[in-house]
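Q: 3D, please:
(chains A and B)
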Amino acid sequence: MSERALRILAPAAVLALGLVGWDLVVRVNGIPPYILPGPLLVLSTLVQDWSILWSSLLATVLTTFEGLLLAVVGGVGLAVLFNQSRMIEHSLYPYAVILQVTPVVAIAPLLLIYLPQQAAVLACAWIVAFFPVLANTTLGLNSVDHNLSDLFRLYGASRWQVLWELKLPAAQPQMLAGIKIAGGLSLIGAVVAEIAAGSAGAGSGLAYRIAESGYRLNIPRMFAALLLLSLTGIVIFALLSWLTQLALRRWHESAITRDA
Amino acid sequence: MTVPPTGSSTDPIVSLRGVGKTFGTGTLALDGLDLEVRRGEFLSLLGPSGCGKSTALRILAGLSEPSRGSVTWHGADAHDRRSIGFVFQEPTLMPWASVFDNVWLPLKLAHADKAAVAPRVMETLSRVGLTEFAGAYPRELSGGMRMRVSIARALVTAPRILLMDEPFAALDEITRFKLNDDLVALWRELQTTVVFVTHSVFESVYLSQRIVVMTNRPGRVSSELLIDAPARDQRFRTSADYAAFCRLASDALGAAMRTEPGRAA
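A: From the prediction side, this is the model:
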């Protein structure tokens, strides 16, 4: 069997086994759907409740991408600022770390008090997502080949030219790696904030649907929404991996496929 | 062994006088270095590893400030940085940019329009035999080709002086011989001044008109050798003259390495 076929078939077999096992456990033990629904019921709920779930999915995806976009702008922007001024870096970096290490699930309820709900959800997505972009971009900007820096100096390059022509292109691999992590984290931030907001009673995203279905003991819908969330995460990761590949494929070792 | 300087041109392009360099770590790299580079010559700085040759070159390039002594440029365009070409030991290319864009860089940094200077970039690429690889990326090239790109980038501004820091040290011998020949041809054709740092006796003899041998750290001039041979080609490489010059240079290097720190010959 070829390596490629194995890569697809092996996890597919595990999935099939898992689903069959799950179904058997539910059937043999006669577990009621409000405790554990079988996989087929989850699937049919997904189809049945599609209109509700679809609009929730759109809301969550929109928040996630807005959060990611702000994280990229904020993370890269701060990294550039830190790179240009030690003073700013020393002044602000500790607070970036504090934002990162404080669990967002603990911050979310506070944000919901002070901000409109949508803004609070977005702020949560941003808080968890911007740090990997900031940290990785900072690493990239600081890892420029010193001989290349000397060369730019020799040719009298301005600060702006050094940043634009040298540092930012050189930092691309690390920056993109940070963005790839941020994509998944932005989804987590959005979900955490929606759950926190959900208990306050308003909302429309997938996480809100999960919380709401939980209160109503609509466990099949909880599973259907969870499935969609996972799929969203996978699609975001795949999309960002593809973008990384596209940007680096001609020059960076990480993106080059070679014959054995 | 020490030959008084009697080169064809005695018109200096840059002079170092009593140059010393102490690094922040306290390392004394150069001490009392006197060096004059003459217009149009091919000069090699030959010395043991860590003797400060590269530091001297960086001081010439303005990439490092001397702790003591002076650097004087002679001539009208003396202070134009862009009249210096620099080739590092590594090709030092931007991996994310094509060969063309790498060679274009010095002109781009001087705000030259891409379309306007494209013929000049292509002409420089053709000088180093890389016309067909303008669109390639550095990782797609061999080590020798990458070094050619690096040389093209240094030449694209038509520098008055080309500073080279052991550029061929990491290459295999066949590639190095080829690049040595090409470099001599380019130097003749462009009539530029070359300062070439190396720790290879054979390379310095093959390439240079004049070899300045440096002492162990802290580096200073130990002796000077004129290589008075007209043609630099395969015949020269296998001639008795070449062998004799190599022996002279080798002896000079040996003497330089025996020099006690602080007491130049």
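
Q: Go ahead and list the helix or strand containing the residue most central in space within chain A.
A: The residue lying closest to the centre of chain A (CA atoms, centre = their mean) is residue A:184, at 1.7 Å. Assessed by DSSP states H and E, residue A:184 sits inside helix A:168-198.

Q: Count the residues that sit near residue A:162.
A: Residues within reach of residue A:162, counting by other CB atoms under 10 Å in any protein chain shown, total 17. Any C-beta I mention is one placed from the backbone N, CA and C, and that applies to glycine too.

Q: Also residue B:199?
A: Residue B:199, neighbours per other CB under 10 Å, totals 18.

Q: Tell me the pLDDT of it.
A: Per-residue confidence (pLDDT) for residue B:199: 89.

Q: ok, back up a step: what residues does the residue nearest to the centre of chain A make contact with?
A: By CB atoms under 8 Å, 6 or more residues apart in numbering or on different chains, residue A:184 lies in contact with A:233, A:236-237.

Q: so who does residue A:129 touch?
A: Contact analysis of residue A:129 by CB under 8 Å, 6+ apart lists A:67-68, A:70-71, A:75, A:182-183, A:185-186, A:189.

Q: rerun that using 10 Å as the cut-off
A: Contact analysis of residue A:129 by CB atoms under 10 Å, 6 or more residues apart in numbering or on different chains lists A:64, A:67-72, A:74-75, A:104, A:178-179, A:181-190.

Q: All the helices of the stretch 151-265 of chain B, residue numbers only.
A: B:173-190, B:201-207, B:234-237, B:240-258 (DSSP state H, counting those that start in this stretch).

Q: and the last one, how far out from the chain's middle?
A: It stands for helix B:240-258. Relative to its chain's centre, helix B:240-258 lies at 20 Å (CA atoms, centre = their mean, to the nearest Å).

Q: closest to residue A:94 out of the helices of the stretch 151-265 of chain B?
A: Nearest to residue A:94, of all the helices of the stretch 151-265 of chain B, is helix B:173-190, at 51.0 Å by CB to CB.

Q: So which elements touch that closest one?
A: strand B:42-46, helix B:114-127, helix B:143-155, strand B:161-165, strand B:193-198, helix B:201-207, helix B:234-237 (3 or more CB pairs under 10 Å, 6 or more residues apart in numbering or on different chains; DSSP states H and E).

Q: quick one: it to chain centroid distance?
A: For helix B:173-190, the distance to the chain centre is 12 Å (CA atoms, centre = their mean).

Q: so that helix versus strand B:42-46, what angle?
A: 140 degrees (axes from the mean of the first three to the mean of the last three CA atoms, to 10 degrees).

Q: what's the least confident stretch among the helices of the stretch 151-265 of chain B?
A: Minimum mean pLDDT among those: helix B:234-237, a mean of 87.

Q: What is that helix packed up against?
A: Helix B:234-237 packs on helix B:173-190, helix B:201-207, helix B:240-258, going by 3+ CB pairs under 10 Å, 6+ apart.

Q: let's see it at 8 Å
A: Applying 3 or more CB pairs under 8 Å, 6 or more residues apart in numbering or on different chains; DSSP states H and E, we find helix B:234-237 packed against no helix or strand.

Q: quick one on the thing from earlier: tell me the buried residues within the contacts of residue A:129.
A: Neighbour counting with 16 or more other CB atoms under 10 Å in any protein chain shown marks A:64, A:67-68, A:70-72, A:74-75, A:104, A:178-179, A:181-190 as buried within those.

Q: residues near the residue lying closest to residue B:20 once chain neighbours are set aside, how many?
A: Nearest in space to residue B:20, with sequence neighbours left out and distances taken as CB to CB, 6 or more residues apart in numbering or on different chains, is residue B:68 at 3.8 Å. Neighbours of residue B:68 under the rule other CB under 10 Å: 14.

Q: Does residue B:68 touch residue B:19 like I think?
A: Yes - shown here, residue B:68 and residue B:19 form a contact pair, counting by CB atoms under 8 Å, at 6.8 Å.

Q: Tabulate the contacts of residue A:184 in TSV, adding columns for distance to residue B:183 and neighbour count.
A: Converted to TSV, those look like this (distance: CB to CB, whole Å; neighbours: other CB atoms under 10 Å in any protein chain shown):
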residue	distance to residue B:183	neighbour count
A:233	56	17
A:236	52	20
A:237	50	15
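
Q: Take the residues you listed and keep only those in helices.
A: A:233, A:236-237 (DSSP state H).

Q: among the helices and strands packed on helix B:173-190, which is the most enclosed?
A: strand B:42-46 (a mean of 27; mean count of other CB atoms under 10 Å in any protein chain shown).

Q: pLDDT weak spots in the chain?
A: This is for chain A. Along chain A, the model assigns pLDDT under 70 to residues A:1, A:198-203, A:258-260.

Q: Correction: the question concerned chain B.
A: In chain B, residues with pLDDT under 70: B:1-9, B:77-82, B:260-265.

Q: ok, 50 please
A: B:1-8, B:263-265 (pLDDT under 50).

Q: Name the residues of it found near chain A, please.
A: B:58, B:61-63, B:81-82, B:84, B:86, B:88, B:90, B:92, B:94-97, B:105-106, B:108-110, B:137-139, B:157 (CB under 8 Å from any CB of the partner chain).

Q: what's the burial count for residue 210?
A: By default, I'm working from chain A. For residue A:210, using other CB under 10 Å, the count is 23.

Q: um, chain B though
A: 20.

Q: Identify the residue nearest it in space, chain neighbours excluded?
A: residue B:43 (5.1 Å).

Q: From chain A, how far out is that neighbour?
A: 19 Å (CB to the nearest CB, to the nearest Å).

Q: Might one say that that residue is in contact with residue B:204?
A: No - using CB under 8 Å, residue B:43 makes no contact with residue B:204, being 9.5 Å away.

Q: Could you name every residue contacting both of the two?
A: By CB under 8 Å, 6+ apart, the residues touching both residue B:43 and residue B:204 are B:196, B:211.

Q: Using the three-state scheme, assign residue B:112.
A: Secondary structure state of residue B:112, per DSSP: H, G, I helix; E, B strand; the rest coil, is coil.

Q: Ramachandran coordinates for it?
A: Per-residue torsions, residue B:112: phi -80, psi 140 (degrees, to the nearest 10).

Q: Show me where the stretch 1-150 of chain A has its helices.
A: Going by DSSP H, counting those that start in this stretch, the stretch 1-150 of chain A shows helices at A:3-29, A:39-48, A:50-84, A:86-101, A:104-114, A:117-142, A:146-154.

Q: Please work out which of these is packed deepest.
A: helix A:117-142 (a mean of 24).

Q: Going by proximity to chain B, name the top residue of the stretch 1-150 of chain A.
A: For the stretch 1-150 of chain A, the residue closest to chain B is residue A:147, as judged by CB to the nearest CB, at 4.4 Å.
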